[in-house]
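> no sequence for this one, just the structure:
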Ligand code: SF4
Ligand code: SF4
């Protein structure tokens with residue numbers, strides 16, 4: 001049985017007060033493309049409900065619904081009548097999962113390593129560059145890796161990823 005964790009609830013509300021405004025109308029879930037594709041298995045309203053109830057284990061350990069399935073399309077944020085910043089709240093939950101060393105999808109680790117190495121979550125490949133050219137999009141400037149490394153070191157980014165690797 002999941003117990004309500006009032007401290008965890010308070011922590012989440014403190015990090016994003018908009019959580020407090022949710023009245024569980026379900027508009028977010030009905031506008032969510034991932035909810036549609038997964039036939040409701042992924043359900044943003046439920047993640048918000050669990051957050052309001054402080055169901056820490058459900059959110060961080062069981063990950064049901066799995067917050068990593070959110071593709072951050074922002075449809076729910078646009079449609080929410082209460083202006084709840086769902087994606088910001090999900091971001092906070094994801095950070096907590098990583099810091100706790102709980103498992104999360106491999107693809108996010110690959111992207112994090114790519115940011116450290118290339119300054120981009122998805123490295124530019126020739127096909128991407130060609131496609132951008134075809135679409136008339138501007139070329140992507142390469143990041144200043146030296147500056148970026150300084151910032152990542154200052155925020156312990158690499159160390160945090162390593163913590164996770166140690167627990168794998
Ligand atoms: S749309 Fe907004 S108010 Fe309605 S359930 Fe979702 S987060 Fe809550
Ligand atoms: S941002 Fe995430 S939760 Fe919101 S509609 Fe898009 S996929 Fe669904």
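Cool, the structure landed. Fair warning: this is a prediction, and the values are worked out from it, not measured in the lab. Ligands and ions are numbered 1, 2, ... in the order given.
> buried sites along stretch 21-32?
Buried residues in stretch 21-32, defined by neighbour count with 16 or more other C-beta atoms under 10 Å: 22, 27-29, 31-32. Heads up, the C-betas are built off the backbone N, CA and C, glycines and all.
> Repeat that for stretch 75-82.
Buried residues in stretch 75-82 (16+ other C-beta under 10 Å): 75-77, 80.
> same deal with stretch 3-22?
5, 8-9, 12-13, 16, 18-19, 22.
> With stretch 35-48 instead?
Result for stretch 35-48 [16+ other C-beta under 10 Å]: buried residues 35, 42-48.
> Could you list the domains of this structure?
Per automatic domain parsing, the structural domains of the chain span 6-100, 106-167.
> out of these, which comes closest to ligand 1?
Judged by C-beta to the nearest ligand atom, the one of the domains of the chain that comes nearest to ligand 1 is domain 6-100, at 3.2 Å.
> does that closest one come close to ligand 2?
Yes. Counting by C-beta under 6 Å from any ligand atom, ligand 2 has neighbours in domain 6-100: 31-34, 44, 70-76, 86-87.
> So is that domain next to ligand 1?
Yes. Judged by C-beta under 6 Å from any ligand atom, domain 6-100 and ligand 1 are in contact via 22-28, 45, 48, 80, 82, 84, 86.
> In CSV, list these along with pLDDT.
Shown next, in CSV, are those (pLDDT from 0 to 100):
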residue, pLDDT
22, 98
23, 98
24, 97
25, 98
26, 97
27, 98
28, 98
45, 98
48, 98
80, 98
82, 98
84, 98
86, 98
